[in-house]
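**Q** Can you look at this prediction? I've put the sequence above it.
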Amino acid sequence: MATTFNKKAANWPQDPRSVARLERRIELGEIGEFPTGGLVGGPRYLVTYMHSETGGKIRSATIVSITNQSRFDNKVSVSFFKGFTDDSAPVGVATFVIPPQFTVDFGSRNLPTELVVVNALPNPELTFDEGRAVVSSEFPEIGLSARVYYTSGDQDEQLLSITDSGVVVYGEGNHGD
């Protein structure tokens with residue numbers, strides 16, 4: 001699967017050393033989206049709320065930002081699940097190989113780059129789904145945050161609000177935080 005990168009995007013590095021490192025890794029095919037038949041590594045985190053909708057007056061998309069804190073390239077997946085289902089059948093999976101110290105935005109669907117530059121999307125994008133997301137990675141050293149963007153207009157041209165979704169360690173409670 002070929003991944004295209006927008007060198008004018010807000011998340012493209014500006015310093016020459018980082019640009020050279022990133023371009024070399026892209027040439028070698030070491031980073032980018034990759035097809036997967038299931039989760040990579042093990043489930044690490046649960047995003048407690050995901051919403052992705054395009055059919056009404058208010059539209060939404062969930063964005064999960066993940067930073068690779070490992071010393072190695074890290075294969076990461078975000079699996080999106082409907083609310084009343086178990087973790088055996090995601091409605092969408094977005095995957096990406098993240099280099100060390102890089103941050104990648106995984107989206108339930110694409111949004112205008114003025115709001116966020118989405119690097120990894122499920123195929124097809126989610127347009128009428130509500131539930132949760134499970135973040136899996138080959139190496140455990142990842143940091144993440146999750147947000148739901150609420151917009152209006154046929155092309156998400158008006159931002160209405162952004163809410164934070166809870167993130168907890170997978171299989172554990174949030175212990176009141």
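**A** Right, received. Where do you want to start? Residues are numbered from 1 along each chain as shown.
**Q** how far away is residue 130 from residue 44?
**A** 22 Å (CB to CB, to the nearest Å). All C-beta spots, glycine's among them, are computed from the backbone N, C-alpha and C.
**Q** Kindly report the same for residue 15.
**A** Distance from residue 15 to residue 44, by CB to CB: 30 Å.
**Q** what does residue 116 give?
**A** 22 Å.
**Q** in this protein, which segments are predicted with low confidence?
**A** Residue ranges of the chain with pLDDT under 70: 1-13, 18-19, 22, 24-40, 177.
**Q** Geometric centre of it: which residue is closest?
**A** Nearest to the geometric centre of the chain sits residue 106, at 1.5 Å (CA atoms, centre = their mean).
**Q** Dig out what it forms beta bridges with.
**A** For residue 106, the beta-bridge partners under DSSP bridges are residue 64, residue 120.
**Q** Let me see the contact set for it.
**A** Shown in contact with residue 106 (CB atoms under 8 Å, 6 or more residues apart in numbering): 63, 64, 65, 66, 76, 78, 94, 96, 118, 119, 120, 121.
**Q** let's see it at 7 Å
**A** Applying CB atoms under 7 Å, 6 or more residues apart in numbering to residue 106 gives the contacts 64, 66, 78, 94, 96, 120.
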